[in-house]
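Colleague: Need coordinates for the below:
(chains A and B)
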Number of protein chains: 2
Amino acid sequence: MKPDEVKVTFQPSGRSVYVLPGTLLLEAAGRAGIILQTPCGGKGTCGKCRVMVEGQPVLACHARVQSAMIVDVPASSMFEARQQILTADSGALAAVNPFIRVVPFALPAPSHGDVRSDAERLREVIGAKVSMSLDVMREIPGCLRSHAWRGRAILAGDRLLGLDCRVENPKVFGVAFDLGTTTVVGTLFDLESGKECAVASRMNGQIAHGDDVISRIQKIRESPAALARLQAAAVSTLNAIIEEVCHQTGIAGSRIYEVVVAGNSTMQQILLGLDPSALGEVPFVQVFDRAITSPAVGIGLQANAGADVYVFPQIGGFVGGDTVAGMVASRLDQQQTSTLLIDIGTNGEIVLASGGKLYAASTAAGPAFEGARIRQGMRATPGAIEKVILDEDVKVNVIGNVPAAGLCGTALIDAVAELLRTGIIDETGRIQEADEVPSCVSDALKRRLLPQGHEVCFELVSAADSAGGEAICLWQKDVRELQLASGAIRAGINILLKRAGLQAHELGEVLLAGAFGNFIRRNHARRIGMLPPLPTEHIRFIGNAASLGAKMVLLSADERAYAATLCLQTEHVDLSLDADFQFEFSMAMMFPGTEADAW
Amino acid sequence: MKPDEVKVTFQPSGRSVYVLPGTLLLEAAGRAGIILQTPCGGKGTCGKCRVMVEGQPVLACHARVQSAMIVDVPASSMFEARQQILTADSGALAAVNPFIRVVPFALPAPSHGDVRSDAERLREVIGAKVSMSLDVMREIPGCLRSHAWRGRAILAGDRLLGLDCRVENPKVFGVAFDLGTTTVVGTLFDLESGKECAVASRMNGQIAHGDDVISRIQKIRESPAALARLQAAAVSTLNAIIEEVCHQTGIAGSRIYEVVVAGNSTMQQILLGLDPSALGEVPFVQVFDRAITSPAVGIGLQANAGADVYVFPQIGGFVGGDTVAGMVASRLDQQQTSTLLIDIGTNGEIVLASGGKLYAASTAAGPAFEGARIRQGMRATPGAIEKVILDEDVKVNVIGNVPAAGLCGTALIDAVAELLRTGIIDETGRIQEADEVPSCVSDALKRRLLPQGHEVCFELVSAADSAGGEAICLWQKDVRELQLASGAIRAGINILLKRAGLQAHELGEVLLAGAFGNFIRRNHARRIGMLPPLPTEHIRFIGNAASLGAKMVLLSADERAYAATLCLQTEHVDLSLDADFQFEFSMAMMFPGTEADAW
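Modeller: Below you'll find the model as predicted:
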């Protein structure tokens, strides 16, 4: 803990975080992994982000941390409760209505007047159209006869997954996975009540084979055997999570009757053993686009023998199932105004809803935001500088309240935005020498400008204060990497706007989703030109929308149909094929000259 | 060869048989396993059974064997050509239209203007609704790219089984199986041309586990592990046949894309690993009735990895897929008059079509007809007396032209019918003593009546002429067994007639099918009361209808739909539950007093 940082603890989760005084409670909560609802965009008008501080209700979007504090977060303010909000808003998710259904039955035993086959006897209760695999059918005669013709049938749509004739009637579960390039999160649900039972996450085991999708695709293109290895790594990761959520709740893996997975095109294809090589060269082609439903045990998942894995539909190229899941969760097609959904993870996906149409694109924006290619960059893990504020001098916030070891993506954006504001970095991205900076810049800041050959770097943390005994700096090359990443996203946005015949100022809202998107400072992202010039309150955080979409599809057959419909409505815009992209990209790499320009 | 027998050789098959002079050519052909068409019932009016003898056309239903001869059988007279006849008759089987389809494709390669997924690119040619398993989808990217986006798609209905991108485009095959309790016959077809390529048969490997379905069900009821053993025995038998037809034609098993199986309820269930125990006690209940389509490799069949096994729908109890296949082949629901279909194999199945309705029943008639429970009985294999004629003395025909070793089912019926005619057996089935028989009976015949305690047996072949040095006789108990078997069938017929509100004389036709049915002497079967009193020409042989039905379903998706429709239209009559059955059975066990009574 640095002298000026204070501890904020959130209840009932008990998670705590150290932040600088003056930090918005909303931001502190986000830092602790708690995403609050902000449908008004943080204007303070909707009241959805209300939390309790010392027994008093405050709005997290306006209240600031002053000193060490304990914050009670009511469930109704959590973003995960948004599902219920959506119900009220759209009427689409009227109730928990999973694709997996449990139908109790008590059949008449065969008699002289009733000699129907076992299968038909069962179909009278579970539905005449229900299909049964041979494996399931083999269980039927014994199960029915040994349990007095009573039990529960477990169905996936119109397909019988199995019978459960045990007296105790154990519950039926499903797992929704957000299969990221870096991180995998799985959530266990009771499919009858819709209740969330446990959650667990793991690093994607494929990381050993490459940090990003391109390097993993390259591995597979170089050696056909790599596909099986990468698939096994993904399956192992999912199984480790399944084991953990089963362990947490004390249930057997055989009680899991469905696994839903949302991931990008590369992750989804590798998980299914589908060669992603064609994503490694123009024109980036997917193997499939419609959702895939296939036996879970067929790819090695530890679930019920009859369970299926449902893998999200994909839109095209690198616009995959995670984007579709985000569209499902955000109800993107039902927004009142033209709306952008931006999911910034290892890749950046952008979807524009405008005039009843949907346009989707993917940009290779990610690595810089995850600390890759940044000289002293690192992931947002303990030791990472995650926030940078400039006034008379530099203030930083370090994750985990330990000495700084490097900087993560949000700090990179903060640092550049702040240096732009103070004039230490110019529109072209060049870090000025000490004698070039505006006169209003303090001496303390000027002293941090360290010449490095022909260039200059900016010291964020001194060698004495750092973990490694080496100063942590923002380097000129880091700024260039940010320009590339930010420019790619903004160029993508501009191409989509152009495709829809829209000007940036006509945008109603920007929804930020994804692992990175939710920790970004909106004004800073706007300041560097990554986001279009919208009022901050029209830039909303919507949490891990891909994960939420996966959960919604697990819990509702209607959401599954909705996902398919959204895909059919969406036009995939391949930026690499757009004649204007290179021009837009070049333009977007330049920083807006002033905050006013950014507007 | 006995002194008075002559050799008849049939071309082009080259099969030959030794028969007594005076035998109908039709019967000699049947004995050689060649079933000729007799739509007129042998009246000599339709001309369908025309064969060539010494360059002259004769009708096999009227011409008799006089001396050793060679008979040329045109394909158009063969029963197997009946399929084309059905086409003309009913219009139902308009063309070869297999469920398995081959669709050639030449796709545009992906380009900047066309970045659809591989799956959608393919679906444009093979159909938007086509589903693809993950296993098949995994093959797609490599197959398309390594063969310039050309090849052939192999489809089962709306499901993609696989791609074939090889230049030589090898053919696509299917196998139709008649899975009998005793014998299994498989026929290999080219699914594109519909051409029959090879046929092979084997004893059902389950025979080691019991002769009839009841003993095999009992084995499974006694030990749960027996089901797997019996299933493995059936699968091995099918695989041996697949190997043989592949060997004959030089094709690989992986070219087989569908396997169709028609068998009785017990055989079908065991093949699929479905416990038949409930068929072992009242009220005989099947596990399934709708047709089952399941991966062929899933039950261990040696076929293409994507191939399915289609197992016929079942009607109820012991009325299984073989009966449905027979109904398909005989177009039973489309007959102009009330018609009985009787399939006598190890079991006896009876279906009555009358007034737009179908009624089906099964009787435990078989064992006696297969030589079981007959003191000197044997199957219809070399050494078996298969025909008995009485005039001044006894004449017999022995299969394979070797010394007699026993008698088979047809000889049993012949012997009893002839002894009834001559008054040596009375209406109750008792074999008279020599001094009780009518005076017109020759001394030669009387000398064959040998007292055995309180009973009498009738010597068919003397010890000197037999293979084992022991006289071959018809024993009193043998007559009782025949009364039980024949009575069971006739009682079943009577119950169905009663159910349909029909008198026996209102029957238009009787169609005889099955391994045994085709070798029976119609007048003798009628004489002992097994068949109702119809003119002989209204009793038609239709060959192995179950096998033909299986082939038709392999070759035509329409026939598959027709099989399902027939099942839905058919009422299963469980004879064991019919209040009148015991009475009808008792009555039917008595022989008709005279030929006139039989009429």
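Colleague: separation between residue A:514 and chain B?
Modeller: Distance, residue A:514 to chain B, by C-beta to the nearest C-beta, to the nearest Å: 24 Å. For the C-beta atoms, the positions are set from N, CA and C on the backbone; glycine is no exception.
Colleague: Stretch A:34-49: end-to-end distance?
Modeller: End-to-end distance of stretch A:34-49 (C-alpha to C-alpha, to the nearest Å): 11 Å.
Colleague: so how far is that stretch from its chain's centroid?
Modeller: 19 Å (C-alpha atoms, centre = their mean, to the nearest Å).
Colleague: and that stretch, what's its mean pLDDT?
Modeller: For stretch A:34-49, mean pLDDT rounds to 74.
Colleague: At the contact with chain B, which residues of the stretch 201-350 of chain A appear?
Modeller: A:272-275, A:277-278, A:282-290, A:292, A:294, A:298-299, A:314, A:316-317 (C-beta under 8 Å from any C-beta of the partner chain).
Colleague: So which of those residues belong to helices?
Modeller: Among these, DSSP state H puts none in helices.
Colleague: Mind checking which of the residues you listed are buried?
Modeller: Listed as buried from these are A:272-275, A:277-278, A:283-290, A:292, A:294, A:299, A:314, A:316-317; burial here means 16 or more other C-beta atoms under 10 Å in any protein chain shown.
Colleague: Just the pLDDT at the nearest residue to residue A:472 once chain neighbours are set aside, thanks.
Modeller: Excluding its sequence neighbours, the residue lying closest to residue A:472 (C-beta to C-beta, 6 or more residues apart in numbering or on different chains) is residue A:461, at 4.2 Å. What the model reports for residue A:461 is a pLDDT of 97.
Colleague: Residue A:393 is in contact with residue A:461, correct?
Modeller: No - using C-beta atoms under 8 Å, residue A:461 makes no contact with residue A:393, being 11.5 Å away.
Colleague: Which one's more surrounded, the two?
Modeller: Using other C-beta atoms under 10 Å in any protein chain shown, the more surrounded residue of residue A:461 and residue A:393 is residue A:461, with 24 against 12.
Colleague: could you list every residue that touches that one?
Modeller: Residues in contact with residue A:461, defined by C-beta atoms under 8 Å, 6 or more residues apart in numbering or on different chains, are A:385, A:396, A:404, A:471, A:472.
Colleague: where does the last one sit relative to chain B, distance-wise?
Modeller: Noted for residue A:472: a distance of 43 Å to chain B, by C-beta to the nearest C-beta.
Colleague: so that residue makes contact with residue A:407?
Modeller: Yes - using C-beta under 8 Å, residue A:472 is in contact with residue A:407, at 6.5 Å.
Colleague: Identify the contacts common to these two.
Modeller: Counting by C-beta under 8 Å, 6+ apart, the residues touching both residue A:472 and residue A:407 are A:376, A:385, A:460.
Colleague: Which of the residues you listed ranks first by neighbour count?
Modeller: Neighbour counts for the shared contacts of residue A:472 and residue A:407, by other C-beta under 10 Å, peak at residue A:385, which reaches 28 neighbours.
Colleague: what's the helix or strand for that residue?
Modeller: Per DSSP states H and E: residue A:385 is located in strand A:384-390.
Colleague: returning to that earlier point: between residue A:472 and residue A:407, who's got more neighbours?
Modeller: Comparing residue A:472 with residue A:407 by other C-beta under 10 Å, the one with more neighbours is residue A:407, at 31 against 25.
Colleague: The nearest residue to that one once chain neighbours are set aside: what's it in contact with?
Modeller: What sits nearest to residue A:407 in space, not counting adjacent residues and going by C-beta to C-beta, 6+ apart, is residue A:385, at 4.2 Å. By C-beta under 8 Å, 6+ apart, the contact list for residue A:385 reads A:396, A:397, A:398, A:404, A:406, A:407, A:408, A:411, A:460, A:461, A:472.
Colleague: Secondary structure element for the second one, which one?
Modeller: With the criterion set as DSSP H and E, the secondary-structure element containing residue A:397 is strand A:394-398.
Colleague: Which strands or helices does that strand pack on?
Modeller: With contacts defined as 3 or more C-beta pairs under 8 Å, 6 or more residues apart in numbering or on different chains; DSSP states H and E, strand A:394-398 has these neighbours: strand A:384-390, strand A:455-461.
Colleague: Could I get the buried residue list for the last one?
Modeller: Of the residues in strand A:455-461, those with enough neighbours to count as buried (16+ other C-beta under 10 Å) are A:456, A:457, A:458, A:459, A:460, A:461.
Colleague: Return stretch A:151-170 as PDB; C-alpha atoms alone will do.
Modeller: Taking C-alpha atoms only, stretch A:151-170 is exported to PDB below (Å, rounded to 0.1, in the frame of the first residue of the first chain):
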ATOM      1  CA  GLY A 151     -38.900 -40.800 -13.000                       C
ATOM      2  CA  ARG A 152     -37.900 -37.700 -14.800                       C
ATOM      3  CA  ALA A 153     -36.900 -37.300 -18.500                       C
ATOM      4  CA  ILE A 154     -34.200 -34.900 -19.400                       C
ATOM      5  CA  LEU A 155     -34.700 -33.400 -22.800                       C
ATOM      6  CA  ALA A 156     -32.700 -31.100 -25.000                       C
ATOM      7  CA  GLY A 157     -35.300 -29.500 -27.200                       C
ATOM      8  CA  ASP A 158     -37.000 -32.500 -28.800                       C
ATOM      9  CA  ARG A 159     -34.300 -34.900 -28.000                       C
ATOM     10  CA  LEU A 160     -34.200 -37.200 -25.000                       C
ATOM     11  CA  LEU A 161     -30.900 -37.000 -23.200                       C
ATOM     12  CA  GLY A 162     -31.600 -39.500 -20.500                       C
ATOM     13  CA  LEU A 163     -33.900 -40.700 -17.800                       C
ATOM     14  CA  ASP A 164     -33.400 -40.200 -14.200                       C
ATOM     15  CA  CYS A 165     -35.400 -42.700 -12.200                       C
ATOM     16  CA  ARG A 166     -33.700 -42.300  -8.800                       C
ATOM     17  CA  VAL A 167     -35.800 -41.400  -5.900                       C
ATOM     18  CA  GLU A 168     -33.900 -38.400  -4.800                       C
ATOM     19  CA  ASN A 169     -34.200 -36.800  -8.200                       C
ATOM     20  CA  PRO A 170     -31.000 -34.900  -8.200                       C
END
